[in-house]
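Q: return a 3D structure for these sequence lines:
(one chain, ligands or ions: 1)
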Amino acid sequence: MGAEMVWRSPAALAPRDQHAPSYYAATRRERLSTAPFEGPARTDVCVVGGGYAGLATALELARRGVDVVVLEQSRLGWGASGRNGGQVHVGLRRDQHWLERRMGEADARRLWSFALGARVHLDWLIETYGIECDLRPGLLHADHRARLSAETRRHVEYMQSRYGYAELRFVDRDEVAGMVATDRYYSGSFDLRGGHLHALDLALGIGRAAASHGARLHEDTEVTAISGARGRFRIATARGQLEAARVVLACNGYLRRLAPAVLRRVMPINNFIAVTEPLGAGGARRLIANDCAVSDSRFVVNYFRTTPDHRLLFGGGENYGYRFPADIAAFVRPHLRSVFPQLAAVRLDYAWGGTLGITPTRMPWVREFEPGIINASGFSGLGVVLAPFTGKAVADALCGERDAFELLGRVPVPRFPGGPALRWPTLVAAMLFYALRDRL
Ligand SMILES: Cc1cc2nc3c(=O)[nH]c(=O)nc-3n(C[C@H](O)[C@H](O)[C@H](O)COP(=O)(O)OP(=O)(O)OC[C@H]3O[C@@H](n4cnc5c(N)ncnc54)[C@H](O)[C@@H]3O)c2cc1C
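A: Numbering: from 1, shown residues only. Below is the predicted model of the structure:
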């Protein structure tokens, strides 16, 4: 398996002029649509990638009066930002213990403040720009093994006593069973500041906000090469060249060959979602009594929630190549059935896949990796809250306010062993090992 194979079959990543056939695409209220880029042109900052990270970078820059152009190869929000589970998580993929051990207590505390700031920023975006994305409160992290209960209890106590995070509480088996109609979970932690929302409306709402401040957004515009140096980058597209003083790469799992330095640390993996037929208000509340989002403790996470029109939106199953399974509904169904056997015969009206960027430590890789070129990606399945705020941190840094950006720059993100050529076999072996452990 060599690097060549990576470039020859990027079916899941290839640009498209339509959104994925998702529930979100079918129900979105935001209707933002923009013209392709026509060059030549100049700008202060070129952002490559129109997901949460890129659009929020553009929004903050435009708010500050910086000239910014976003180039998106497909549609705005076409990537992970428009197709994810919509789960609102507070915090990072690694808990505070891990961060304290790896970065020291002071930086771990700063990162927790960053995570809380990201959650506040999400509310601010939604309220300030009137983004109708059905934000609902509450997220349950459910333990799929009895042995995890003690650890969860310790984690909750730690977050309450050391970080003063009173919104998180331990829930025992009876309470979990009262919230979710399954006997699969033994305990969990319930986060009142967590929640769920309409992923694509959030992305398009941020895009609309950026455009309202003068950011120039262009869909159907793939960046094929970046050359030059700080102060004068040349960004190549099929319809001409953009010249920019600085570049932000916000391509996450969809990056492909544009920046090998990023590929060494951020890898694409695919994750899948299915949405049931409408279950009626009663049916939906029977599944999840308090309408919260649920995310379980499996390595290949099952995550689910109900929608405003009373369907179950269920994410489960991953694969590690550049192709999606031919029948995604059939791929997700066993995961859904394992949690809700009572839904074995339910009709699945939507099923789609998406690609996310993961890093070896599951922490984002946010760096100026060449003078004038910043990368912001690798949110490792936790981007709904973090990616927009990271975009803001990048914009702040470009305007000289570098604290949050430098904090993110200290987060440990090593290279995948083997570099781009060998990372596939190494990663796939590791992933399959952990996925197998889920079943033990
Ligand atoms: C199935 C799935 C479920 C998920 N569930 C959740 C969840 O419930 N909660 C959560 O917090 N996170 C979740 N995530 C992760 C979350 O969606 C991401 O972390 C987040 O959307 C990342 O945003 P982004 O802007 O970095 O990347 P993306 O939204 O992927 O945007 C990158 C964009 O770059 C564009 N691009 C790439 N290369 C080029 C190029 N050469 N030229 C122009 N444009 C280019 C792509 O077309 C794409 O639109 C999920 C992800 C997936 C795939």
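Q: for the helix or strand containing Glu175, packing partners?
A: Taking DSSP states H and E as the criterion, Glu175 maps to helix 173-179. Packing partners of helix 173-179 (3 or more Cβ pairs under 8 Å, 6 or more residues apart in numbering; DSSP states H and E): strand 136-143, strand 187-196. To be clear about C-beta, it is placed using only N, CA and C from the backbone, and glycine gets the same treatment.
Q: and these as CSV, adding distance to the ligand?
A: Listed next are the helices and strands packed on helix 173-179 as CSV, based on distance: least, Cβ to the nearest ligand atom, whole Å:
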stretch, distance to the ligand
strand 136-143, 10
strand 187-196, 8
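Q: of all those strands, which one is nearest Glu318?
A: Closest approach to Glu318 among the helices and strands packed on helix 173-179 (Cβ to Cβ): strand 136-143, 18.4 Å.
Q: off-centre distance for that closest one?
A: Strand 136-143 sits 17 Å away from the centroid of its parent chain (Cα atoms, centre = their mean, to the nearest Å).
Q: return the helix or strand in this structure with minimum mean pLDDT.
A: In the chain, no helix or strand scores lower on mean pLDDT, DSSP states H and E than helix 3-8, which sits at a mean of 34.
Q: C-terminal to it, what's the next element?
A: Moving toward the C-terminus from helix 3-8, the next helix or strand (DSSP H and E) is helix 23-27.
Q: where does pLDDT dip in this structure?
A: Scanning the chain for pLDDT under 70 picks out 1-10, 419-440.
Q: ok so, going back, buried ones in the helix holding Glu175, by neighbour count?
A: Judged by neighbour count (16 or more other Cβ atoms under 10 Å), helix 173-179 contains these buried residues: Val176, Ala177, Met179.
Q: now render these as JSON lines, adding distance to Gly138.
A: Output for those, formatted as JSON lines (distance: Cβ to Cβ, whole Å):
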{"residue": "Val176", "distance to Gly138": "13"}
{"residue": "Ala177", "distance to Gly138": "16"}
{"residue": "Met179", "distance to Gly138": "9"}
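Q: the ligand contacts on the stretch 251-400 of the chain?
A: 251-255, 258, 271, 273, 303, 315, 354-356, 377, 379, 381-384, 387 (Cβ under 6 Å from any ligand atom).
Q: change it to 5 Å
A: Within the stretch 251-400 of the chain, the residues that sit near the ligand (Cβ under 5 Å from any ligand atom) are 251-252, 254, 258, 271, 354, 356, 379, 381-384, 387.
Q: quick revisit: let's have the helices and strands packed on helix 173-179 in TSV, adding distance to Pro36 and mean neighbour count.
A: TSV is the format used below for the helices and strands packed on helix 173-179 (distance: least, Cβ to Cβ, whole Å; neighbours: other Cβ atoms under 10 Å):
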stretch	distance to Pro36	mean neighbour count
strand 136-143	36	22
strand 187-196	33	24
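Q: what comes into contact with the helix holding Glu175?
A: Identification of contacts with helix 173-179 by Cβ atoms under 8 Å, 6 or more residues apart in numbering yields 140, 142, 149, 171, 183, 185-188, 190, 288-290, 292, 294.
Q: so is the top helix by length along the chain next to the ligand?
A: Identified as the longest helix of the chain according to DSSP state H is helix 105-128. No. On the criterion Cβ under 5 Å from any ligand atom, helix 105-128 is out of touch with the ligand, staying 10.2 Å away.
Q: in that helix, which residues are buried?
A: By 16+ other Cβ under 10 Å, the buried positions in helix 105-128 come out as 107-112, 114-119, 121-122, 125-126.
Q: of the residues you listed, closest to Ala41?
A: Checking these against Ala41 by Cβ to Cβ gives Leu125 as the nearest, at 27.6 Å.
Q: contacts only, for the closest one.
A: By Cβ under 8 Å, 6+ apart, the residues touching Leu125 are Ala56, Ile131, Leu202, Gly205, Ile206, Ala209, Pro388.
Q: how far away from the center of its chain is the host helix or strand of the first one?
A: Secondary structure assignment for Ala56, by DSSP H and E: helix 52-63. Relative to the centre of its chain, helix 52-63 is centred 16 Å away, using Cα atoms, centre = their mean.
Q: now for the helix or strand that comes right after that helix, which elements pack on it?
A: For helix 52-63, the following helix or strand on the C-terminal side (DSSP H and E) is strand 68-71. Judged by 3+ Cβ pairs under 8 Å, 6+ apart, the packing partners of strand 68-71 are strand 41-48, helix 52-63, helix 199-212, strand 216-218, strand 240-249.
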